[in-house]
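Chemist: could you work out the structure for the sequence below:
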Amino acid sequence: MTAGKGWMQDEKQFMNAEPPSGQPATEAAAAATLKGGLLARLERAGEDYRLTRFVLLRLTGLVWFAAFLSAALQFIPLVGHDGLLPADLFVRRVVAS
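Modeler: Below you'll find the model as predicted:
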């Protein structure tokens, strides 16, 4: 993309391009060319968002870490002797039966 031009102008220029000589200018050929251009643009777009992808993945990992840390810190008080499920009494009953 040249400086000063928007992506829409490039797309219009791409759409108005003449087909290579020897190829029929049919709708199917135009659709295949457009599809090929779209796929090429999407493949290049991945390189443009490398930093964004890196940051979002790390922030997602941080959120998951906080969630599991919170669950781990709450596990003992919830399941301990005075918790919602007195685990020691439950284990004794299971072993006794």
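
Chemist: how close does A72 get to F54?
Modeler: 27 Å (C-beta to C-beta, to the nearest Å). The way it works is simple: take the backbone N, C-alpha and C, and place the C-beta from them, glycine included.

Chemist: same thing with D82?
Modeler: From D82 to F54 the distance is 44 Å (C-beta to C-beta).

Chemist: now do L84
Modeler: 40 Å.

Chemist: and what about the closest residue in space to D88 that isn't next to it in sequence, helix, strand or coil?
Modeler: Nearest residue to D88, sequence neighbours excluded (C-beta to C-beta, 6 or more residues apart in numbering): H81, at 5.6 Å. At H81 the chain is in coil, as set by DSSP: H, G, I helix; E, B strand; the rest coil.

Chemist: same check, this time on L57
Modeler: helix.

Chemist: residues touching it, list them.
Modeler: Contact partners of L57, counting by C-beta atoms under 8 Å, 6 or more residues apart in numbering, are absent.

Chemist: coming back round to it: backbone dihedrals for the residue nearest to D88, please?
Modeler: Main-chain dihedrals, H81, degrees, to the nearest 10: phi -60, psi -40.

Chemist: give the buried residues for the helix or strand hosting W64.
Modeler: Taking DSSP states H and E as the criterion, W64 maps to helix 50-79. The neighbour-count check on helix 50-79 (16 or more other C-beta atoms under 10 Å) flags nothing as buried.

Chemist: thinking again about what came up before, distance of the residue nearest to D88 relative to F90?
Modeler: Going from H81 to F90 by C-beta to C-beta gives 11 Å.

Chemist: with A96 instead?
Modeler: From A96 to F90 the distance is 11 Å (C-beta to C-beta).

Chemist: same thing with A72?
Modeler: From A72 across to F90, the span is 20 Å (C-beta to C-beta).

Chemist: likewise for G61?
Modeler: 34 Å.

Chemist: how is the chain partitioned into domains?
Modeler: When the chain is parsed with automatic domain parsing, its domains come out as 7-48, 50-96.

Chemist: any idea which of the ones you listed scores lowest on pLDDT?
Modeler: Note on the domains of the chain: domain 7-48 shows the lowest mean pLDDT, a mean of 62.

Chemist: could I get the helix or strand that contains F90 in PDB with only the CA atoms?
Modeler: Applying DSSP H and E as the criterion places F90 in helix 87-96. Below are the C-alpha coordinates for helix 87-96, written out as PDB (Å, rounded to 0.1, in the frame of the first residue of the first chain):
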ATOM      1  CA  ALA A  87     -13.600 -33.000  54.300                       C
ATOM      2  CA  ASP A  88     -12.000 -34.800  57.300                       C
ATOM      3  CA  LEU A  89     -15.500 -36.000  58.500                       C
ATOM      4  CA  PHE A  90     -16.500 -37.000  55.000                       C
ATOM      5  CA  VAL A  91     -13.300 -39.100  54.500                       C
ATOM      6  CA  ARG A  92     -13.800 -40.800  57.800                       C
ATOM      7  CA  ARG A  93     -17.300 -41.800  56.900                       C
ATOM      8  CA  VAL A  94     -16.200 -43.100  53.500                       C
ATOM      9  CA  VAL A  95     -13.400 -45.100  55.100                       C
ATOM     10  CA  ALA A  96     -15.700 -46.500  57.800                       C
END
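
Chemist: kind regards, and thank you for your time.
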